[in-house]
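# return atomic coordinates for the entry below.
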Amino acid sequence: MTRLAPGLASIVLLLAACGEGGQNFSDALIGGTPREVITDNRSLVPGMFAEGTLTGGPGDYAVIKLSAPIAQIDWNIHGHANDETQTVHEELDVMTVDYTFQPTSAADWYLLVRNSSQGNLGVDIRVELFGDMAWAWL
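Numbering: from 1, shown residues only. Coordinates of the predicted model:
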């Protein structure tokens with residue numbers, strides 16, 4: 001029986017994990033050190049939102065982490081193709097978020113974070129960028 005070198009065995013296992021079951025190669029590679037990290041603490045009055053643009057496409061991804069002292073964060077990832085709004089993912093009235101966004105097409109995607117409470121709310125925002133994903137606050 002032929003024995004694989006340890007490094008080659010790891011690659012074979014990684015490729016095997018990427019085969020069936022709907023998982024693609026980029027899913028198996030998520031992790032590691034981000035190319036860039038955006039951090040901010042936004043103090044939002046009731047109903048106020050903060051928004052940033054994620055520019056990227058297939059092969060890029062962003063890990064989005066949000067936290068607040070109470071479960072009153074509304075947030076979403078959306079796009080504006082053909083002058084319409086396409087919501088990719090949305091959650092309402094949460095205290096924490098840990099979400100990996102992998103765009104399916106090259107475009108500008110928008111992260112919107114809103115205070116849904118009746119009082120001022122400090123929201124910690126952390127966006128870790130991988131691949132060629134770019135960030136800009138609006």
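
# now for the nearest residue to Ala106 once chain neighbours are set aside: which residues touch it?
Leaving out its chain neighbours, the residue that sits closest to Ala106 by C-beta to C-beta, 6 or more residues apart in numbering is Gly57, at 3.1 Å. Any C-beta I mention is one placed from the backbone N, CA and C, and that applies to glycine too. Contacts here follow C-beta atoms under 8 Å, 6 or more residues apart in numbering; on that basis Gly57 touches 103, 105-107, 132.

# now intersect these with the strands, please.
Ala107 (DSSP state E).

# from the contacts of Gly57, which is closest to His78?
Distance to His78, by C-beta to C-beta, is smallest for Ala107 among the contacts of Gly57, at 10.7 Å.

# about what we covered before: highest neighbour count among the contacts of Gly57?
Pro103 (22 neighbours; other C-beta atoms under 10 Å).

# just checking, it touches Thr55?
No - Pro103 is not in contact with Thr55 according to C-beta atoms under 8 Å; the separation is 9.1 Å.

# need the overlap of contacts for the two.
Shared contacts of Pro103 and Thr55, counting by C-beta under 8 Å, 6+ apart, come down to Trp109.

# the contacts of Gly57: which two are farthest apart?
Ser105 and Asp132 (13.9 Å).

# is it true that Asp82 lies in a helix?
Quick fix: residue 82 is Asn, not Asp. Yes - assignment of Asn82 by DSSP: H, G, I helix; E, B strand; the rest coil places it within a helix.

# retrieve the pLDDT associated with it.
With respect to pLDDT, Asn82 scores 84.

# tell me, how many residues neighbour it?
7.

# cool, Pro46 as well?
That count, for Pro46 with other C-beta under 10 Å as the rule, works out to 13.

# now do the contacts for it.
115-121.

# try 10 Å
Residues counted as contacts of Pro46 (C-beta atoms under 10 Å, 6 or more residues apart in numbering) are 72, 114-121.

# can you give me the helices for this structure?
6-17, 25-29 (DSSP state H).

# now the longest one: average pLDDT?
Same thing as helix 6-17. 38.

# equivalent analysis for stretch 41-56, please.
Rounded mean pLDDT across stretch 41-56 is 97.

# brilliant, that's me finished.
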